[in-house]
Every structure is written in structure tokens, then in C-alpha cells.
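Enquirer: coords please:
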Amino acid sequence: MTIEAQETTLDVPLFRLAQARSGDKNDTSDITVFMTSRELFEWIEPRLTEQVVKEFMAPLVHGDVQRYLLPRLYAFKFVCHQALGGGGSSSLRGDNLGKSMASALLRWVATDVPSDLARTSPLFDGPPVPTPKVAVR
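Expert: Residues are numbered from 1 along each chain as shown. The predicted structure is shown next:
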């Protein structure tokens, strides 16, 4: 009788695996997601698709989403059309330049991430908490 080891998986928000930035051009927002390693980039590539981003960002993005792979940077660039309510001075949105779009996408949750892989990200446990220096007399 053999017992097969089951790999532990986790559901992990993207902000624990990647960093991102966003910008704008008229009514188009671009979001670049930078994975922390080649292994994470390769694992998430078939999962973080144009369709996934379009569905997740549906309240904000009303047009097409295009994905560009930047494998040497372990990054994905998503170009989201009709995403800024007209953009710039045309928009009544609070974030008419789309600066918070990256933060919004980082809240997407990757499911069934192999635990060992997720824990390789330096962002997995969050930022280190500084230890206060206390003078002892």
C-alpha cells in the first residue's frame, strides 16, 4: 500500500505574490503586474488571463482587455479600454487617472496556489514589522 503525499494549496491574494503599477492614456488604463520570481510568473501565466482581469475589473473596465507578456521582467501588462469614464478632465470618477487600478487588481485571489511556491514570495508574509527600540534603565 502506498500513500501519495498531497500537495497543500492556498488561496492567495495577488498582493502577496506580486507588485503592480498603473497609468492612463485618455480612457485607457494600463496595469503592469510584476511577479516576484520566474516560478511564480510561469505558474500564474495561464491563470491571470485577459478574461479573468476583465471579469474581476468589470465594475471599472467596460471595454476590452489586452495582455502583454514581459517574461524577462516576470511581468504582465494589461491594457484596459473604456476604464476611466472618459479619462482626465472628461471623467467624473474620483480616480480619473486610474492610479488605483493596480491596487484593485492586486486584490484578485489566486486559488489553489501550491503552498511551497506561494511561500517563496518575499511579499507572502507581508512587510516586516519594525521592532521598537526601548531604553532600559
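Enquirer: can we go C-alpha only for contacts and neighbour counts from here?
Expert: Will do.
Enquirer: Quick check: closest non-adjacent residue to residue 61.
Expert: residue 83 (4.2 Å; C-alpha to C-alpha, 6 or more residues apart in numbering).
Enquirer: Ok, residue 11 next?
Expert: Leaving out its chain neighbours, the residue that sits closest to residue 11 by C-alpha to C-alpha, 6+ apart is residue 111, at 4.3 Å.
Enquirer: what's the residue closest to the geometric middle of the protein?
Expert: Nearest residue to the geometric centre of the chain (C-alpha atoms, centre = their mean): residue 106, 3.5 Å.
Enquirer: Confirm residue 111 sits in a strand?
Expert: Yes. With DSSP: H, G, I helix; E, B strand; the rest coil as the criterion, residue 111 is part of a strand.
Enquirer: ok, now how distant is it from residue 48?
Expert: 11 Å (C-alpha to C-alpha, to the nearest Å).
Enquirer: now the protein, which segments are flagged as low pLDDT?
Expert: Low-confidence segments of the chain, defined by pLDDT under 70, are located at 1-6, 85-98, 127-137.
Enquirer: make it 50
Expert: Within the chain, the segments meeting pLDDT under 50 span 92.
Enquirer: so residue 113 touches residue 7, yeah?
Expert: No. No contact is recorded between residue 113 and residue 7 when judged using C-alpha atoms under 8 Å, the distance being 9.8 Å.
Enquirer: which one of the two has more residues nearby?
Expert: Between residue 113 and residue 7, residue 113 has the larger neighbour count (other C-alpha atoms under 10 Å), namely 19 against 10.
Enquirer: Contacts only, for that one.
Expert: When contacts are counted by C-alpha atoms under 8 Å, 6 or more residues apart in numbering, residue 113 is found next to 9, 10, 11, 12.
Enquirer: from the residues you listed, which would you call buried?
Expert: Neighbour-count burial (16 or more other C-alpha atoms under 10 Å) is assigned, among these, to 10, 12.
Enquirer: For residue 25, state which of the contacts of residue 113 is nearest.
Expert: The shortest approach to residue 25 among the contacts of residue 113 belongs to residue 12, at 30.6 Å (C-alpha to C-alpha).
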